[in-house]
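> 3D, please:
(one chain, ligands or ions: 1)
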Amino acid sequence: MSLSAMPGGQPGPQRASALTAPARAYAELADGNRRFVSGAPRHPNQGAEHRAAVADGQHPFAVIVGCSDSRLAAEIIFDRGLGDLFVVRTAGHIVGPEVLGSVEYAVTVLGTPLVVVLGHDSCGAVQAARETAATGTSPGGHLRAVVDAVLPSLRRATAEGVDDIDGIVDIHIAQTVETLLGQSPVLADAVAQGRCAVVGMSYRLAVGGVRPVTAVPAGDATLDAAAPGAPATPAAA
Ligand SMILES: [Zn+2]
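Alright, predicted model coming up:
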């Protein structure tokens with residue numbers, strides 16, 4: 001089971017039903033983001049009727065492990081509503097035991113088929129870590145824990161010769177995907193069994209679009225389909 005099964009844009013319910021659950025979830029997110037970028041959001045699943053319908057149980061189709069940045073609200077940028085997304089946000093999408101436990105809850109108890117690591121350009125947590133790496137001075141209080149969690153990505157960027165902030169953000173997103181899979185055997189097993197996929201995306205604050213950075217399992221068709229301006233997929237219908 002691979003995300004590469006995602007179609008290139010031929011509409012029709014037959015084709016949609018052929019998608020794997022992770023690919024269907026991915027297509028829903030990509031379509032919602034395209035609606036948001038184009039300024040034509042539908043605001044699905046936000047009415048009183050739907051609120052009542054989901055009160056007795058939730059079946060979110062994606063987990064979003066995102067940065068806490070106030071401009072990165074998941075339901076808004078993916079044009080979704082109540083019960084759709086299981087959202088875990090920390091500054092710089094850093095990962096600790098509570099984040100891992102939350103992701104595992106969604107994947108194992110709720111059966112959510114897709115985990116998205118959502119970073120963004122000009123991320124303040126990454127900038128703070130870059131400053132710490134450059135000057136050797138850490139911020140005070142618990143903010144230090146955030147910076148310390150981002151520093152491995154800074155070291156990896158240095159080793160790879162990347163020093164622009166958005167290039168470092170991409171590396172940090174990929175690093176976060178690897179951290180989730182490396183520290184959660186539960187998640188890694190779900191991916192190995194084809195029940196779940198993990199995708200890293202970077203959001204552009206000014207434009208509103210998401211750009212895929214990495215995917216496990218890898219699937220080039222999926223990454224292409226997520227690019228802003230790509231043709232709509234059946235899941236949008
Ligand atoms: Zn951020």
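> now do the same end-to-end measure for stretch 38-45.
19 Å (CA to CA, to the nearest Å).
> before we move on, what about stretch 34-51?
This stretch, stretch 34-51, spans 24 Å end to end (CA to CA).
> buried ones in it?
Buried residues in stretch 34-51, counted by 16 or more other CB atoms under 10 Å: 34-37, 41, 44-45. Yep, even glycine has a C-beta here, placed from its N, CA and C like the rest.
> pick out the most distant pair among those.
Farthest apart among the buried residues of stretch 34-51 by CB to CB are 37 and 45. That separation is 19.4 Å.
> remind me which residues of this protein are low pLDDT?
Scanning the chain for pLDDT under 70 picks out 1-18, 219-237.
> close to the ion: what parts of it are there?
Selection of the chain residues close to the ion by CB under 5 Å from the ion yields 67, 69, 123.
> restricted to strands, list the residues you listed.
residue 67 (DSSP state E).
> can you flag the buried ones in the residues of the chain next to the ion?
Of the residues of the chain next to the ion, these count as buried by 16+ other CB under 10 Å: 67, 69, 123.
> can I assume the first one is in contact with residue 122?
Yep, that's residue 67 we're talking about. No. Contact criterion CB atoms under 8 Å: residue 67 and residue 122 do not qualify, at 10.6 Å.
> tell me, how many neighbours does residue 109 end up with?
By the measure other CB atoms under 10 Å, the count of residues near residue 109 is 9.
> separation between it and the ion?
28 Å (CB to the ion, to the nearest Å).
> for that residue, give its distance to residue 182.
Remark: distance between residue 109 and residue 182 (CB to CB, to the nearest Å) = 22 Å.
> any idea which residue sits dead centre in this structure?
Centroid-nearest residue in the chain: residue 116, 2.4 Å away (criterion: CA atoms, centre = their mean).
> contacting residues around that residue?
For residue 116, the contacting residues are 29, 62-66, 198-201, by CB atoms under 8 Å, 6 or more residues apart in numbering.
> okay, and which of the residues you listed map to strands?
Using DSSP E, the contacts of residue 116 in strands are 62-66, 198-201.
> make a PyMOL selection of whichever of the contacts of residue 116 turn out to be buried.
A single PyMOL command selects the buried members of the contacts of residue 116 (16+ other CB under 10 Å):
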select buried, resi 29+62+63+64+65+66+198+199+200+201
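> ranges for the strands of this structure?
Secondary structure of the chain (DSSP E): strands at 62-67, 85-90, 114-120, 197-203, 210-216.
> strand partners of the last one, parallel vs antiparallel please.
Sheet pairing for strand 210-216, assigned by DSSP bridges, gives strand 197-203 (antiparallel).
> measure how the strand it pairs with sits relative to strand 114-120, angle-wise.
With axes from the mean of the first three to the mean of the last three CA atoms, to 10 degrees applied, the angle from strand 197-203 to strand 114-120 works out at 20 degrees.
> off-centre distance for strand 197-203?
Strand 197-203 sits 4 Å away from the centroid of its parent chain (CA atoms, centre = their mean, to the nearest Å).
> just stretch 51-62 next, same as before
The answer for stretch 51-62 is 20 Å, by CA atoms, centre = their mean.
> for stretch 192-206, same thing?
For stretch 192-206, the separation from the chain centroid amounts to 4 Å (computed by CA atoms, centre = their mean).
> which outside residues touch the longest helix belonging to the chain?
Counting residues, the longest helix found in the chain (DSSP state H) is helix 165-183. Helix 165-183 has contacts (CB under 8 Å, 6+ apart) with 65, 92-95, 100, 103, 115, 117, 119-123, 126-127, 130, 150, 152-154, 156-157, 160, 162, 187-188, 191, 198-202, 213-214, 216.
> ok, residue 40 to residue 132 distance?
The gap separating residue 40 from residue 132 is 41 Å, by CB to CB.
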